[in-house]
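Enquirer: fold the following and give me the result.
(2 chains)
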Amino acid sequence: MTNSVFYRIGLPVLVGVVLVATWQLMSNFGMINEIMIPSPAAIVVGFSELVTRGYFWDSTWVTLQETLYGFAIGVSLGLIIGALTGTFQTFRTAFYPFVIAFQNTPRVALAPIFLTWFGFGITSKVVMAAVICFFPVVINTVAGMASVDDNAKMLFRTMGASKSQTFFRLTLPGASAIAFAGVKTALTLALLGAIVAEFVGGSVGLGVLIKELNFQLEVAKAFSVVLFLAVIGLVLYGLIELLERYLITWKQD
Amino acid sequence: MSTFSIASTTGETIRLAGVSKTYETASGPLPVLRDINLQVEAGEFISFVGPSGCGKSTLLKIIAGLVSYDTGTVEVGDQKPKAGREDIGFMLQQSVLMPWLNVSKNVELPFVIARRQDVSTSRRVEELLDLVGLSSVASLNSWELSGGMQQRVALARALALDPGIMLMDEPFSALDEFKREYLNIEVAQMADQLGKTTLLVTHSIGEAVLMSDRIIALGANPGRTVGDIAVDLERPRRADMIGTDQYQQICNEVRAALASDLAGETL
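Expert: Numbers count the residues shown, from 1 in each chain, chains lettered A, B, ... in the order given. Presented below is the predicted three-dimensional model:
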């Protein structure tokens, strides 16, 4: 029963349909204030209007660029700093306390500062996305490297492995499953960082669009953009999961 | 398992004289080995038995060059111990297979580390897998195998570079009784064929008797020799030897040696 297609796919779809239908019916019967919470039908109509406008796709492209550039920079730096921290005790002692301290500060509060430093263009959003997705990658990379079995390290010593052989043939693959979990989290956070930075100050992007639609009381359209962002997030997450399955084939579920 | 035909290296001698080792711990010095003297002939199969903390594993690591010793001399095949020697194969309690490598790539790993891959490597890996009875699973992921099969892969990997010395640190202790006994016989018979010098650390007196030429009983706190018992069961070893009077008698000798230490009567 729990392995059937209906159970795994049909059941959540059925729940979704019931929830949306209930939402629509409650709107139809006036039980929900449509100005505050537009009906699903109004959201679909709003979205169908938006997709015909060039600025919608311009905004989508800008937000995607900010997210992906920020993700690439944040993940690259996170993996490098994480690998250095996990490899060199002195580096870890000197810098890791600052990483932990910074991890525990609300990084979205930096958005206005980045705006001052890097201006209203794409750079401030990319930096925000990079900063926000950097930390889970560092922390997971360090945790992944620490999780490498001591017996495996000893075995590599008995085989006469050099430091670089131990790093590339044991530590790196051994840490990759946990490090990749951080990369997956980072992707979601990169999108969040880009949107937050757009809220704080930007001229184009889906975050800017949501803010403007809200000011114009086009709540249905604003809702539709939020749902569109959710779809973008899901698609990106799906792609990174595919990449994980391709790269980390030995992950045992 | 098939008859092994690819071992060209014969066993090497091992000599330990007056070896002592003390670990520095947070609560002060902890002596683990005291005045260990041992002569292992080429091709001999020796087991170390004794209670937990008697320094059995430390002794093996000293011979492998993984742990330093404080006093005495150690000669492994006429050289001082050094980590990473190609003439030593090492097996641990856990199989320690790399999950990102399939079975044959795990066996190939020592060649990769030693940068000794050549056209003959894949043939040798095939022969090693045939030796341990795993030819049919060569392309499987290592984590898809049972515990016993994983230890066989570890055995093939330890034999990969055709070492003269095999060091085995409780390699069968994580297996169930049936698989353990089965592998005991297989490894004992393989040791006969290969002629490697083999040192086995085990908690099981029966396992030690079934596999070894000689058993070194170690007392604890600190670890020291309390018995050196010859095992004169005929070779090749067979499962039906378990329970024979001769087998039981040797088990009792080992127990007596260990018990004498517990009673404070060191040899």
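Enquirer: what's the lowest-mean-pLDDT helix or strand in chain B in contact with?
Expert: Ranking every helix and strand in chain B by mean pLDDT, DSSP states H and E puts helix B:177-194 at the bottom, with a mean of 86. Residues outside helix B:177-194 that contact it (Cβ atoms under 8 Å, 6 or more residues apart in numbering or on different chains) are B:1, B:3-4, B:7, B:45, B:131, B:146-148, B:151-152, B:155, B:159, B:166, B:168, B:172-173, B:175, B:198, B:204, B:207, B:210-211, B:235-239, B:242. (Glycine included, C-beta is placed from N, CA and C.)
Enquirer: which residue, other than its chain neighbours, is closest to whichever residue of the stretch 51-200 of chain B sits closest to chain A?
Expert: The nearest approach of the stretch 51-200 of chain B to chain A comes at B:Gly84, 2.4 Å away (Cβ to the nearest Cβ). Among residues not flanking B:Gly84 along the chain, A:Gly160 sits closest, at 2.4 Å (Cβ to Cβ, 6 or more residues apart in numbering or on different chains).
Enquirer: angles on the backbone of that neighbour, please.
Expert: As for A:Gly160, its main-chain torsions (degrees, to the nearest 10) stand at phi 80, psi 30.
Enquirer: okay, residue 91: pLDDT?
Expert: I'll assume chain A. Looking at A:Phe91, its pLDDT stands at 92.
Enquirer: think we crossed wires, I meant chain B
Expert: At B:Met91, the pLDDT value in this model is 94.
Enquirer: do A:Leu187 as well
Expert: Value listed for A:Leu187 in the pLDDT field: 93.
Enquirer: gap between the helix or strand in which it is found and the chain center?
Expert: Using DSSP states H and E, A:Leu187 sits within helix A:172-200. Relative to its chain's centre, helix A:172-200 lies at 5 Å (Cα atoms, centre = their mean, to the nearest Å).
Enquirer: list the buried residues in it.
Expert: Buried residues in helix A:172-200, counted by 16 or more other Cβ atoms under 10 Å in any protein chain shown: A:172-198, A:200.
Enquirer: which of these come close to chain B?
Expert: A:Pro173, A:Gly174 (Cβ under 8 Å from any Cβ of the partner chain).
Enquirer: for chain A, list the residue farthest from the centre, please.
Expert: Of all residues in chain A, A:Thr158 has its C-alpha farthest from the mean position, at 41.4 Å, by Cα atoms, centre = their mean.
Enquirer: enumerate every residue touching that one.
Expert: B:Ala64, B:Leu66, B:Ala83, B:Gly84, B:Ile88, B:Phe90.
Enquirer: gap between it and A:Gly202?
Expert: 57 Å (Cβ to Cβ, to the nearest Å).
Enquirer: which residue ranges of chain A form helices?
Expert: A:5, A:11-28, A:40-50, A:54-87, A:89-103, A:111-118, A:122-146, A:150-158, A:163-166, A:172-200, A:206-215, A:219-247 (DSSP state H).
Enquirer: tell me what angle the helix holding A:Leu187 forms with helix A:219-247.
Expert: For helix A:172-200 against helix A:219-247, the angle by axes from the mean of the first three to the mean of the last three Cα atoms, to 10 degrees is 170 degrees.
Enquirer: what's the angle from helix A:172-200 to helix A:206-215?
Expert: On the basis of the same axes, to 10 degrees, helix A:172-200 is oriented at 30 degrees to helix A:206-215.
Enquirer: please name the residues that touch A:Leu19.
Expert: Here A:Leu19 is in contact with no residue (Cβ under 8 Å, 6+ apart).
Enquirer: and the stretch 51-200 of chain B, which residues reach chain A?
Expert: B:64, B:66, B:83-86, B:88, B:90, B:92-94, B:96, B:98-100, B:109-110, B:112-114, B:141, B:143.
Enquirer: any of those residues buried? List them.
Expert: B:64, B:66, B:83-86, B:88, B:90, B:92-94, B:96, B:98-100, B:109-110, B:112-114, B:141.
Enquirer: which of the residues you listed fall within helices?
Expert: B:Ala64, B:Leu109, B:Pro110, B:Val112, B:Ile113.
Enquirer: residues in contact with the nearest residue to the fourth one once chain neighbours are set aside?
Expert: It stands for B:Val112. Counting by Cβ to Cβ, 6+ apart, B:Val112 lies nearest to A:Arg169, which is 7.2 Å off, once chain neighbours are set aside. By Cβ under 8 Å, 6+ apart, the contact set of A:Arg169 is A:Phe156, A:Ala161, B:Met98, B:Leu109, B:Val112, B:Ile113.
Enquirer: re the thing from before, which helices and strands sit right next to the helix holding A:Leu187?
Expert: Helices and strands touching helix A:172-200, by 3 or more Cβ pairs under 8 Å, 6 or more residues apart in numbering or on different chains; DSSP states H and E, are helix A:54-87, helix A:111-118, helix A:122-146, helix A:206-215, helix A:219-247.
Enquirer: deepest-packed of those helices, please.
Expert: The highest mean neighbour count among the helices and strands packed on helix A:172-200, using mean count of other Cβ atoms under 10 Å in any protein chain shown, belongs to helix A:122-146: a mean of 25.
Enquirer: right, is that helix up against chain B?
Expert: No: figure legend: helix A:122-146 not in contact with chain B (Cβ under 8 Å from any Cβ); closest approach 13.0 Å.
Enquirer: how near is the closest residue to A:Ala175 other than its chain neighbours to chain B?
Expert: Once flanking residues are discounted, A:Ala175 sits nearest to A:Gly144: 3.1 Å by Cβ to Cβ, 6+ apart. Remark: distance between A:Gly144 and chain B (Cβ to the nearest Cβ, to the nearest Å) = 13 Å.
Enquirer: can you read off the pLDDT for A:Gly144?
Expert: You'll see A:Gly144 listed with a pLDDT of 95.
Enquirer: contact partners for it?
Expert: Shown in contact with A:Gly144 (Cβ under 8 Å, 6+ apart): A:Gly82, A:Gly86, A:Gly174, A:Ala175, A:Ser176, A:Ala177, A:Ile178, A:Ala179.
Enquirer: what of A:Gly233?
Expert: A:Thr188, A:Leu191.
Enquirer: that one and chain B: what is the separation?
Expert: Taking Cβ to the nearest Cβ, one finds A:Gly233 at 29 Å from chain B.
Enquirer: distance of that residue relative to A:Leu189?
Expert: 10 Å.
Enquirer: tell me the secondary structure at the residue most central in space within chain B.
Expert: Nearest residue to the geometric centre of chain B (Cα atoms, centre = their mean): B:Met168, 2.2 Å. What DSSP: H, G, I helix; E, B strand; the rest coil gives for B:Met168 is strand.
Enquirer: residue contacts, it?
Expert: With contact set as Cβ under 8 Å, 6+ apart, B:Met168 has these partners: B:Phe90, B:Met91, B:Ala158, B:Val187, B:Thr198, B:Leu199, B:Leu200, B:Val201.
Enquirer: for chain B, what is the nearest residue in the stretch 51-200 of chain A?
Expert: Closest residue of the stretch 51-200 of chain A to chain B, Cβ to the nearest Cβ: A:Gly160 (2.4 Å).
Enquirer: just give me the neighbour total for that residue.
Expert: Look at A:Gly160: counted by other Cβ atoms under 10 Å in any protein chain shown, it has 19 neighbours.
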